[in-house]
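> structure of the sequence below:
(one chain, ligands or ions: 1)
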Amino acid sequence: MADKNVILERMKKDAKENRYYLCPDEELLTDLIDGLAKNEDRYGYGSCPCRISSGLKDYDVDIICPCEYRDADINEFGICYCGLFVSKEIKDDPSKMSSIPERRPPEAQDAAMEAKQKAEKGDLPGPEEHLHVQVGTDSKGIPIWRCTVCGYLCARELPPPICPICKAKRDKFERFSFG
Ligand code: SF4
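Below you'll find the predicted structure:
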């Protein structure tokens, strides 16, 4: 069973490193940490507590907390989609907390749900069939992926199912090398 205190400490550390703050509403903070712990138990990874996960890490990787949309949301609204991470302004005046629009492209959610349905029917294609990625030279640490349509770069185990910038599909990503 996932340890809620460990998750809380991890999120505190991440917030500090990024100069964010954790949710000033204690009750909401507790609920969100509970949700993350449940998702860790259920799926084996801490997917976002306020989004629907497919249960397929490959398709949920963009919503593993802290998600790929957090920084843009905090920059624009001072708060992440769930409210787990907030800016100093919101921390100092929690009355400014409010719900914000979903930044995750609907195509990413659709791709995840479609894959989930296929997996439930037992006909999910293997990674080699749905990734179509170039296997580049391993870099030190996490691989870097580049969207060949818009140039978006991200560091992660696998390319995202949908580019968060231009919405190109995963097969448009390639391994990126600085060399
Ligand atoms: S919206 Fe907030 S709580 Fe949800 S995954 Fe992103 S950073 Fe975590």
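> the ligand contacts on this protein?
If contacts are counted using C-beta under 6 Å from any ligand atom, the residues of the chain sitting beside the ligand are 32, 48-50, 63, 65-67, 70, 80-82, 84-85. For the C-beta atoms, the positions are set from N, CA and C on the backbone; glycine is no exception.
> residues touching the biggest helix by length in the chain, excluding its own?
Of all the segments assigned as helix in the chain under DSSP state H, the longest by residue count is helix 26-43. Residues from elsewhere that reach helix 26-43 (C-beta atoms under 8 Å, 6 or more residues apart in numbering): 1-4, 7-8, 11, 22-23, 45-50, 53, 55, 57, 60, 65, 82-84.
> can we see that at 10 Å?
Where contact means C-beta atoms under 10 Å, 6 or more residues apart in numbering, the residues beyond helix 26-43 that reach it are 1-8, 10-11, 22-23, 25, 45-51, 53-57, 60, 63-65, 80, 82-85, 94, 97.
> and the buried ones among these, selectable in PyMOL?
Selecting only the buried members of the contacts of helix 26-43 in PyMOL, with burial defined as 16 or more other C-beta atoms under 10 Å, works like this:
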select buried, resi 2+7+8+10+11+22+23+45+46+47+48+49+50+51+53+54+55+56+60+63+64+65+80+82+83+84+85+97
